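> Pasted the sequence and its predicted model underneath.
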Amino acid sequence: MSNIYLAIILAPLFASMLAGLAGRLIGRAGAHTVTIGAVGASFVMSLLVLRDVLGSEGPAYNETVYTWLVTDGVRMEVGFLIDRLSALMMVVVTFVSLMVHVYTIGYMHDDPGYQRFFSYISLFTFAMLMLVMSNNFMQLFFGWEAVGLVSYLLIGFWYTRPTAIFANMKAFLVNRVGDFGFLLGIATVLAYTGSLDYATVFGQAPALGEQTIEIMTGSPWSVATVACLLLFVGAMGKSAQVPLHVWLPDSMEGPTPISALIHAATMVTAGVFMVARMSPLFEQSEVALTTVLVIGATTALFTGFMGVVANDIKRVVAYSTLSQLGYMTTALGASAYAAGIFHLMTHAFFKALLFLAAGSVIVALHHEQDIRRMGGLRRYMPVTYWTSLVGSLALIGFPGFAGFFSKDALIEAVELSTIPGSGYAAACLLIGVFVTALYSFRMFFLVFHGPERMDEETRHHVHESPWVITLPLVLLAIPSFVIGWFTIGPVLFGGYFGPAIAVTPAHDVLGELGREFHGPGAFLLHGVAGLPVLLSLAGVASAWYAYLHRPSLPDRIRRVLDLPYRVLVNKYYLDDFNEKVLARAARGLGTALWKGGDVGVIDGAIVNGSARLVGWCATVVRRVQSGYLYHYAFAMVIGLSVLLTWALSRS
């Protein structure tokens, strides 16, 4: 099987190199053929891997493929850990990537960077697979940074746009903050375990919980707490948790396919996957779990509020991504790791669907993205309409759809948790259900229903997107509807993950919840009368009433609630704080260090100062060389006199 694992990873890499380096030779058709073929092959092989791991209790494979470096007993290796967690992620990543590759043929049809774009998205698939298949921290960090690099390239793909360059630089800088913490966390693990291998580190997890470290003298901290908090800082950056979430909405400056691939289904879930993979460590620290729980719940609610006032169709979906990532993170903090990964899986399908459907609308309207200039598209774009409806219903957790099974179970697990902060988290998630339904169907109604608000020329040309765009929509809509029925039992309550995820008995909320599980049908009947479903329906009804039945109502509410509205429109003023306070402070510190340290001390005192001193000495000494013989004779006499005086005084 090791050859299959290598093929899964290397196929997208080789296809990316071919499309990128030989794009002019193979042409557009060649570029999309080789990349789609490679990712399609990786998807098929990932299905075979999933079938293989389902037949084994423990990891199907945990071996080193290549030893890169051995230093002071620390081995830095490339290796694969293939268990049920990684196999699930492999299938999700390759399937969503395949759909995006096919979709890109239609969306990027007229773009001059066609081959380059296919090269980038195939390279991203390689990087993400390296991350989820790794069996050690070194390879994890490689994949972590590689997806960040490709994300930077894709967000700024249209590099002639200043907004795109600003967005990719913003994403790069914010993620550097997270990655700095992530690297310190890996260093802490290495310092106290002497290894980067998962199996070795996880075997020492209980000892890390008992050891202490003094960050400040007299204040001992658990090593497990310090390591987990630092690792979670990395997850906050990559998975866009408050306050490191600010980069994700701006990343919508990139082409729509990458919004689906990177910022909804795969890259931003890397932090969620990492925390689940590190569950043996996080279970040793209730402080770390509480931190994860509270930050996730805060993200789920307060980023959702911003979706209510956003008018860019892609940004509305982006804010829903932020909110749903908060739901996943909250589940991790409640030790319901399986619920977080289950929601990650279902979310990958319906969120990729919503992004691609938004792209279909954008193409049909000649790249118009303001939902206030849309309306009535249902009769022009029936396939996009119905698939968008499926994605929206899945997002809000409508009974029977994939999002219902994952979100409802997640909320119930958090409500059962006894970890400090769980009460606050449960309240945030419940309020977030209403908010999610409100902004989701606000967008849906404004885009597809109501009066047509586009200009006459656009209305005349609007039509359904070509099959290369609508086919991925249909294929993503299918799992968005049915996947929950088949997977909730084994994934959440059937011990699917086995030893891939560790949960202490005191934190096993899913085990407690599972005792009441009697199949997906019974779960559906139980959830229909539950508070989350009622809040969801209330959100849909509110959106219908405000934006279809009484379209003047939102403006009246906005005038009454002017201050909260301005706070949300300005994104809680976090961007202003970052740009006007943090950025200015950093530039001021840099200028002070440059002028005071570099120019003043290093250049002024050391480099230029020493040069000036040598020049002054040379000027003085040069005057001694007069060229007159009697001057030299006089100097010799004076020197001899001094030497004789010194010698006589010593005798």
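Yep, that arrived.
> can you map out the strands along the stretch 1-150 of the chain?
For the stretch 1-150 of the chain, the strands defined by DSSP state E, counting those that start in this stretch occupy 61-71, 74-82.
> Please identify the deepest-packed of the ones you listed.
strand 74-82 (a mean of 20; mean count of other C-beta atoms under 10 Å). The way it works is simple: take the backbone N, C-alpha and C, and place the C-beta from them, glycine included.
> And stretch 568-586, what's buried?
Residues of stretch 568-586 classed as buried: 568, 571, 572, 578 (neighbour count, 16 or more other C-beta atoms under 10 Å).
> In JSON lines: the residues you listed, plus secondary structure, distance to residue 530 and pLDDT.
Converted to JSON lines, those look like this (DSSP: H, G, I helix; E, B strand; the rest coil; distance: C-beta to C-beta, whole Å; pLDDT from 0 to 100):
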{"residue": "568", "secondary structure": "helix", "distance to residue 530": "28", "pLDDT": "91"}
{"residue": "571", "secondary structure": "helix", "distance to residue 530": "32", "pLDDT": "88"}
{"residue": "572", "secondary structure": "helix", "distance to residue 530": "31", "pLDDT": "89"}
{"residue": "578", "secondary structure": "helix", "distance to residue 530": "39", "pLDDT": "83"}
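> mind putting the strands of the stretch 1-150 of the chain in CSV, mean pLDDT and distance to residue 41 included?
Putting these into CSV (pLDDT from 0 to 100; distance: least, C-beta to C-beta, whole Å) gives the following:
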stretch, mean pLDDT, distance to residue 41
strand 61-71, 87, 19
strand 74-82, 89, 17
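> And those: which comes nearest residue 639?
Between residue 639 and those, the shortest gap by C-beta to C-beta is with strand 61-71, which sits at 58.9 Å.
> downstream neighbour of the helix or strand of the chain with the lowest mean pLDDT in the secondary structure list?
Here the helix or strand of the chain ranked lowest by mean pLDDT, DSSP states H and E is helix 456-461, holding a mean of 79. The helix or strand immediately downstream of helix 456-461 is helix 467-488, counting by DSSP states H and E.
> Report the mean per-residue pLDDT for that next one.
Mean pLDDT, taken over the full extent of helix 467-488, equals 92.
> Could you list the buried residues of that helix?
Buried residues in helix 467-488 (16+ other C-beta under 10 Å): 469-473, 475-477, 479-481, 483-485, 487-488.
> swap in stretch 499-519?
Residues 500, 501, 502, 503, 507, 509, 510, 513, 514, 517 are the ones in stretch 499-519 that count as buried (16+ other C-beta under 10 Å).
> That one: how far from the chain's middle?
Computed by C-alpha atoms, centre = their mean, to the nearest Å, the chain-centroid distance of stretch 499-519 equals 27 Å.
> And stretch 226-238, by the same measure?
Using C-alpha atoms, centre = their mean, the offset of stretch 226-238 from its chain centre is 12 Å.
> and it, average pLDDT?
On average, stretch 226-238 scores 93.
> Also stretch 100-116?
In this model, stretch 100-116 has an average pLDDT of 90.
> didn't residue 170 look like it was pressed against residue 247?
Yes - using C-beta atoms under 8 Å, residue 170 is in contact with residue 247, at 5.1 Å.
> Common neighbours of those two, please.
Common neighbours of residue 170 and residue 247, using C-beta atoms under 8 Å, 6 or more residues apart in numbering, do not exist here.
> Can you give me the distance of the closest residue to residue 9 other than its chain neighbours to residue 267?
Of all residues not flanking residue 9 in the chain, residue 129 sits nearest, at 4.9 Å (C-beta to C-beta, 6 or more residues apart in numbering). Per C-beta to C-beta, to the nearest Å, residue 129 is found 12 Å from residue 267.
> which SSE is the residue nearest to residue 278 when sequence neighbours are not counted in?
Closest residue to residue 278 apart from its sequence neighbours, by C-beta to C-beta, 6+ apart: residue 231 at 6.2 Å. Element membership of residue 231, judged by DSSP H and E, is helix 223-238.
> Show me what that helix is packed against.
Here helix 223-238 touches helix 137-155, helix 162-193, helix 205-210, strand 212-216, helix 270-277, helix 279-282, helix 286-309, going by 3 or more C-beta pairs under 8 Å, 6 or more residues apart in numbering; DSSP states H and E.
> hey, least reliable of the ones you listed by pLDDT?
strand 212-216 (a mean of 81).
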